[in-house]
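S.K.: next one to model:
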Amino acid sequence: MSLLSALNSEKRFLIHVEMCPPRMDLPMEQSVEAWIDGNHLMRKITAQHRYVFMTDGAIGRREEPNLRHVTINLGSEADRSRIVPILTTKHSLDYCLEFAERSYGLGFTSLVVLGGDKSDGAVRCVQHAYELRRLIRQRVPGLTLGGWASPHGGRRQIEYILDPNYSADFFLAQIASHYQTAAIDEFLDHSARLGVKLPAIFGVFYYRSANPKTSAMLSEFFPVPLGDLKRDFDAGVPPEEICARSVHALLQRGVKHVYLSNLPMAAAVKKLGNIESRVEQMLVLT
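M.R.: Numbering: from 1, shown residues only. Next up, the predicted model:
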């Protein structure tokens with residue numbers, strides 16, 4: 001089943017995973033361990049007919065090139081059509097277009113194209129991500145292209161999606177949580193009233209703690225509900241429960257597809273299973 005077919009399916013919800021390739025500056029032993037964990041995760045997730053979204057320096061870190069990771073370290077053991085690289089505009093235009101061609105040639109049938117954060121001062125090859133998506137569509141028409149939107153941006157974000165130049169077949173919605181239902185409701189309400197037809201995959205962050213330093217760093221990229229997180233962590237609510245509540249809140253609002261970000265790589269498959277089981281329990285109760 002293609003990504004678009006899966007997104008448009010009316011069957012039960014699916015939880016996917018976003019993962020980051022290991023940092024390039026890791027010591028050799030840690031790097032090898034990270035590759036092994038990443039390989040295990042991708043094999044398991046794709047075998048469950050879910051999708052893995054691989055980042056491209058999304059939070060300002062130098063990471064190993066995602067295509068290199070899959071083609072060299074994973075080989076042909078995983079279904080590449082279920083692995084979706086994320087490409088930012090923080091490269092040269094030639095690199096981006098060649099990346100798209102190479103992705104498609106290697107069996108990656110979908111590609112998410114977004115601007116990327118501006119924290120490292122890297123120059124973007126185009127002013128807006130939709131410009132790069134349009135160029136890639138012309139160069140590699142067979143690729144399924146994904147865009148990006150913030151569920152905290154209200155009507156303006158929906159207007160971006162509806163723009164004829166948006167050049168995407170689906171979009172990833174940035175991180176949201178059950179602590180931020182007002183923003184989610186506003187986003188979904190505008191989406192319904194303005195007639196958005198593109199399927200979406202909403203992001204949920206796996207918060208491991210309410211560490212102020214980590215939260216401050218994350219807040220540069222998306223709104224972090226630090227006060228709510230601190231209250232629940234102080235009350236002994238475990239990370240998996242907090243994550244499951246956010247997934248459940250999205251499903252209650254009609255969202256069918258969710259991706260989890262920041263799962264601990266070595267235990268990602270187990271934690272994903274635990275979160276999904278807890279969500280199933282919540283759905284039965286509601």
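S.K.: pLDDT at Gly75, what is it?
M.R.: For Gly75, the pLDDT comes out at 63.
S.K.: how many neighbours does Pro264 have?
M.R.: 12 (other CB atoms under 10 Å). Placement of C-beta: from N, CA and C, glycine included.
S.K.: quick one: residues contacting it.
M.R.: 206, 208, 271 (CB atoms under 8 Å, 6 or more residues apart in numbering).
S.K.: buried subset of those as a ChimeraX selection?
M.R.: A single ChimeraX command selects the buried members of those (16 or more other CB atoms under 10 Å):
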select :206,271
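S.K.: with distance to Gly147, secondary structure and pLDDT added, can I get the contacts of Pro264 in JSON lines?
M.R.: What follows is the contacts of Pro264, written out as JSON lines (distance: CB to CB, whole Å; DSSP: H, G, I helix; E, B strand; the rest coil; pLDDT from 0 to 100):
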{"residue": "Tyr206", "distance to Gly147": "23", "secondary structure": "coil", "pLDDT": "98"}
{"residue": "Arg208", "distance to Gly147": "29", "secondary structure": "coil", "pLDDT": "96"}
{"residue": "Lys271", "distance to Gly147": "28", "secondary structure": "helix", "pLDDT": "95"}
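S.K.: and the contacts of Pro264 as a markdown table, adding distance to Asp37?
M.R.: Output for the contacts of Pro264, formatted as a markdown table (distance: CB to CB, whole Å):
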| residue | distance to Asp37 |
| --- | --- |
| Tyr206 | 15 |
| Arg208 | 16 |
| Lys271 | 12 |
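S.K.: ok, of the contacts of Pro264, which one's closest to Asp163?
M.R.: Tyr206 (32.0 Å; CB to CB).
S.K.: my read: the closest one touches Met265, true?
M.R.: No - the pair Tyr206 / Met265 is not scored as a contact, 11.1 Å apart, by CB atoms under 8 Å.
S.K.: which helix runs longest in the chain?
M.R.: helix 28-47 (DSSP state H).
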